[in-house]
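**Q** Predicted model, plus sequence, below.
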Amino acid sequence: MSSINLDTDFYETEDPIWNPALLTIPVPGIRRMVNLAATMEDVIHLSIGQPDLKPPQHVVDAAVDALHAGQTGYTMDAGLPELLEALAEYYGERYNRTLVPENIMITTGATEALYLALTATSAPGREFIVPEPSFMLYAPLIRMNGGVVKSIPTHAENQHQLDPQEVIDAIGPNTYAIVLNSPSNPTGTIYPRDTVEAIVQEAAYRGVYVISDEVYDHLVYDGKEYPSVLSCCSDLDHVMVISSFSKTFSMAGMRIGWLMASQGAIKKLRRYHMFTTTVANTPCQWAGVAALRGERTFIDDMLVEYQRRRDRLVELVKATPHLTGYRPDGAFYLFPSLPEGVNGGNVALKLLRETGVCTVAGETFGDTCSNALRISYSTSLDQIEAAFERIIPWMAKQDW
Ligand SMILES: Cc1ncc(COP(=O)(O)O)c(C=O)c1O
């Protein structure tokens, strides 16, 4: 054991000089666990939220070449024109619809796109419908500006699927937007086309936005078709679709994402973007052009690998006492439930302390899903097997 100090106390200070809006940002559960794990030896991480594969060589080369070619200045604020064109073409072909570069803005990862979309639209009293469990950024960004989060809980027994009628029934006079994330972090669930179409069409009819986080749009298994919001809307008037290169090309640290919307919405968001990050990283935007224009066998190989891990993880979870799993269709996570009333935060902590396996507590992803754990399979099959050699006997000993 090393004597590194945990920095959780830092996160918990409530120094009055800070903007009270920062109190909407929870103590980051993942960091807490990872920090504790850093003080331990022989830890197996099933907590990882980024791809463990290397990015394609031609993508790395493009970033290095751009640096050598002097591409070190700012691009135009909406993004590198070559990347905007490549994205418009790529999405146009993928979903058979016309997109122009003016429908797109390049951001510093999907994170900045989400930040801009949610904080530019959230306002006191406005409601945002968010299925739960949800990626941990959405609710704090909405609440920071006074917006209200209306959660729709989903369940492992139902593979965390969303009932579109429940979403439609939740729309009220103050609803501004519905936030979708399919494939989902933390559940890996993909909403079928019928669900997405029903929500998108009703939202457009009622003048409500659909903000769709599609960063895992290529991590879709079993050869299934991916129902993007972009392929389910008749126009872009009430949608904002967000994605990035982080997961598809293992480029998380290169920080290139984008937001697609109507030209009017993009114009407004460009002004905001100029006052937040100005522009995204220039050499990495060139890497993005190479990713889209180059050969994409990387994605096929990645899918074979992740699918193999997903299949094995599903079997292992099934063999684990006290866990209720399901078969996720995408991303690289599984979000099994613990028995009713058992707190995932306590379980994750005890599991880490007693077995050295690091998972993420369900409560990180919302108040309605605290009896769950997020297990990531963005790690080798050997590590996954080794982790469950510890988890299964440990779980068998618990007497909940
Ligand atoms: C659902 C979801 N959205 C957005 C992000 C952030 O992506 P980026 O690296 O492009 O900022 C992540 C990263 O884990 C994610 O899981």
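**A** Sure, I can see it.
**Q** CA only for contacts and neighbour counts going forward, please
**A** Noted.
**Q** and the chain, which of its residues are near the ligand?
**A** Neighbours of the ligand within the chain, by C-alpha under 6 Å from any ligand atom: 49, 109-111, 135, 185, 213, 215, 244, 246, 252, 257.
**Q** Quick check: Pro153 touching Ile129?
**A** No. Between Pro153 and Ile129 there is no contact under C-alpha atoms under 8 Å: 10.7 Å.
**Q** mind checking which helix or strand Cys90 is in?
**A** Residue 90: Tyr, not Cys. Secondary-structure element containing Tyr90, defined by DSSP states H and E: helix 81-95.
**Q** Put the alpha carbons of that helix into PDB.
**A** C-alpha atoms of helix 81-95 as PDB (Å, rounded to 0.1, in the frame of the first residue of the first chain):
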ATOM      1  CA  PRO A  81     -13.500  23.300 -42.800                       C
ATOM      2  CA  GLU A  82     -12.100  20.000 -44.100                       C
ATOM      3  CA  LEU A  83     -13.400  18.200 -41.000                       C
ATOM      4  CA  LEU A  84     -16.800  19.900 -41.200                       C
ATOM      5  CA  GLU A  85     -17.100  18.800 -44.900                       C
ATOM      6  CA  ALA A  86     -15.900  15.300 -44.100                       C
ATOM      7  CA  LEU A  87     -18.500  15.000 -41.300                       C
ATOM      8  CA  ALA A  88     -21.300  16.400 -43.400                       C
ATOM      9  CA  GLU A  89     -20.500  13.900 -46.100                       C
ATOM     10  CA  TYR A  90     -20.000  11.000 -43.700                       C
ATOM     11  CA  TYR A  91     -23.400  11.500 -41.900                       C
ATOM     12  CA  GLY A  92     -25.100  12.300 -45.100                       C
ATOM     13  CA  GLU A  93     -24.100   8.900 -46.600                       C
ATOM     14  CA  ARG A  94     -24.700   7.000 -43.300                       C
ATOM     15  CA  TYR A  95     -28.200   8.200 -42.800                       C
END
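**Q** That helix: what's the following helix or strand?
**A** Per DSSP H and E, helix 81-95 leads on to strand 104-108 as the next helix or strand towards the C-terminus.
**Q** May I see the buried residues of the following helix or strand past that next one?
**A** Proceeding C-terminally, strand 104-108 gives way to helix 109-121 as the next helix or strand, assigned by DSSP H and E. Buried positions in helix 109-121, judged by neighbour count with 16 or more other C-alpha atoms under 10 Å: 109-119.
**Q** tilt between helix 109-121 and strand 104-108?
**A** In this structure, helix 109-121 runs at an angle of 110 degrees to strand 104-108, with axes from the mean of the first three to the mean of the last three C-alpha atoms, to 10 degrees as the basis.
**Q** which is the next helix or strand following helix 109-121?
**A** Per DSSP H and E, helix 109-121 leads on to strand 127-132 as the next helix or strand towards the C-terminus.
**Q** List the pairing partners of that following strand within its sheet, with orientation.
**A** As defined by DSSP bridges, the strand partners of strand 127-132 come to strand 148-153 (parallel), strand 175-181 (parallel).
**Q** pLDDT of that strand, averaged?
**A** Model confidence over strand 127-132, given as mean pLDDT, is 98.
**Q** quick check, distance from that strand to the centre of its chain.
**A** 15 Å (C-alpha atoms, centre = their mean, to the nearest Å).
**Q** still on that earlier bit, residues contacting the helix holding Tyr90, please?
**A** For helix 81-95, contacts defined as C-alpha atoms under 8 Å, 6 or more residues apart in numbering pick out 97-101, 103-106, 230-231, 285-286, 288-289, 292-293.
**Q** redo that, cut-off 10 Å
**A** Contacts of helix 81-95 from elsewhere in the structure, counted by C-alpha atoms under 10 Å, 6 or more residues apart in numbering, are 75, 78, 80, 96-106, 226-232, 258, 260, 285-293.
**Q** Just the angle for it relative to strand 104-108, thanks.
**A** Angle between the axes of helix 81-95 and strand 104-108 is 110 degrees (criterion: the same axes, to 10 degrees).
**Q** quick one, strands of the stretch 301-400 of the chain?
**A** If you assign secondary structure with DSSP state E, counting those that start in this stretch, the strands in the stretch 301-400 of the chain sit at 333-334, 357-358, 360-361, 373-376.
**Q** From Leu87, how far out is Leu99?
**A** Here the criterion is C-alpha to C-alpha, to the nearest Å. By it, Leu99 lies 9 Å from Leu87.
**Q** Between those two, tell me which one has more neighbours.
**A** Taking Leu99 and Leu87 together and counting by other C-alpha atoms under 10 Å, Leu87 has the greater number of neighbours (25 against 22).
**Q** Distance of the more buried one relative to Leu80?
**A** According to C-alpha to C-alpha, Leu87 stands 11 Å off from Leu80.
**Q** In JSON lines: the strands paired with strand 127-132, plus distance to Asp301.
**A** Shown next, in JSON lines, are the strands paired with strand 127-132 (distance: least, C-alpha to C-alpha, whole Å):
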{"stretch": "strand 148-153", "distance to Asp301": "34"}
{"stretch": "strand 175-181", "distance to Asp301": "24"}
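**Q** follow-up on the earlier one: where do the contact lists of Leu87 and Leu80 overlap?
**A** 105-106, 288-289.
**Q** can I get the strands of the stretch 301-400 of the chain in CSV with mean pLDDT and mean neighbour count?
**A** Compiled in CSV, the strands of the stretch 301-400 of the chain are given as follows (pLDDT from 0 to 100; neighbours: other C-alpha atoms under 10 Å):
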stretch, mean pLDDT, mean neighbour count
strand 333-334, 98, 28
strand 357-358, 96, 26
strand 360-361, 94, 28
strand 373-376, 97, 27
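**Q** Please identify which of those strands is closest to Gln201.
**A** Within these, the stretch nearest Gln201 is strand 333-334; the backing value is 28.8 Å (C-alpha to C-alpha).
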